[in-house]
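In: Here's my sequence, what's the structure:
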Amino acid sequence: MNAIVQPSAEKQVKTYDAGDLLDVYAVAHESTEWLSTLITQIKKEVKKTQTDLEERGIHPATFYTLESLLGLTEYFAEDRANFFDVQREEYEKEWEATK
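Out: Residues are numbered from 1 along each chain as shown. Alright, predicted model coming up:
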């Protein structure tokens, strides 16, 4: 069955202004900062576990891959947080200019 769907003539296209985008990027920045905080805490816990296991004879290199992955994740989260913050600042300037 090949049904043809006609768009409604009443359908409105949503528009967003700088204030809306300011809110979006502010939330994205804050959420990503929380992610960075979590990653930092995980790294501390991994280091503590690594130290405990080293005392039991486990070689520190056992944690190399996990530390590398955490480092990459931390970098990505910080990069995104910085990007979102720059975007937030730009939309804040634009929003303030419209008032």
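
In: which ones are touching the spatially most central residue of the chain?
Out: The chain has Thr32 as the residue nearest its centroid, 3.5 Å off, counting by C-alpha atoms, centre = their mean. For Thr32, the contacting residues are 77, 80-81, 84, by C-beta atoms under 8 Å, 6 or more residues apart in numbering. (C-beta placed from N, C-alpha, C; glycine too.)

In: Please spell out which residues along stretch 44-57 are buried.
Out: By 16 or more other C-beta atoms under 10 Å, the buried positions in stretch 44-57 come out as Gln50.

In: How about stretch 15-33?
Out: Across stretch 15-33, burial judged by 16+ other C-beta under 10 Å covers 18, 21-22, 25-26, 28-29, 32-33.

In: Let's see it as PDB, backbone CA atoms only.
Out: Extracted C-alpha coordinates of stretch 15-33, given in PDB (Å, rounded to 0.1, in the frame of the first residue of the first chain):
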ATOM      1  CA  THR A  15      11.500  29.100  15.400                       C
ATOM      2  CA  TYR A  16      14.000  29.600  18.200                       C
ATOM      3  CA  ASP A  17      15.800  32.800  19.300                       C
ATOM      4  CA  ALA A  18      19.100  33.400  20.900                       C
ATOM      5  CA  GLY A  19      17.500  33.200  24.400                       C
ATOM      6  CA  ASP A  20      16.400  29.600  23.600                       C
ATOM      7  CA  LEU A  21      19.800  28.600  22.300                       C
ATOM      8  CA  LEU A  22      21.500  30.300  25.300                       C
ATOM      9  CA  ASP A  23      19.400  28.000  27.600                       C
ATOM     10  CA  VAL A  24      20.300  24.900  25.600                       C
ATOM     11  CA  TYR A  25      24.000  25.600  25.600                       C
ATOM     12  CA  ALA A  26      24.000  26.500  29.300                       C
ATOM     13  CA  VAL A  27      22.400  23.200  30.100                       C
ATOM     14  CA  ALA A  28      24.700  21.300  27.800                       C
ATOM     15  CA  HIS A  29      27.700  23.000  29.500                       C
ATOM     16  CA  GLU A  30      26.500  22.300  33.000                       C
ATOM     17  CA  SER A  31      25.800  18.700  32.200                       C
ATOM     18  CA  THR A  32      29.200  18.200  30.600                       C
ATOM     19  CA  GLU A  33      30.800  19.800  33.700                       C
END
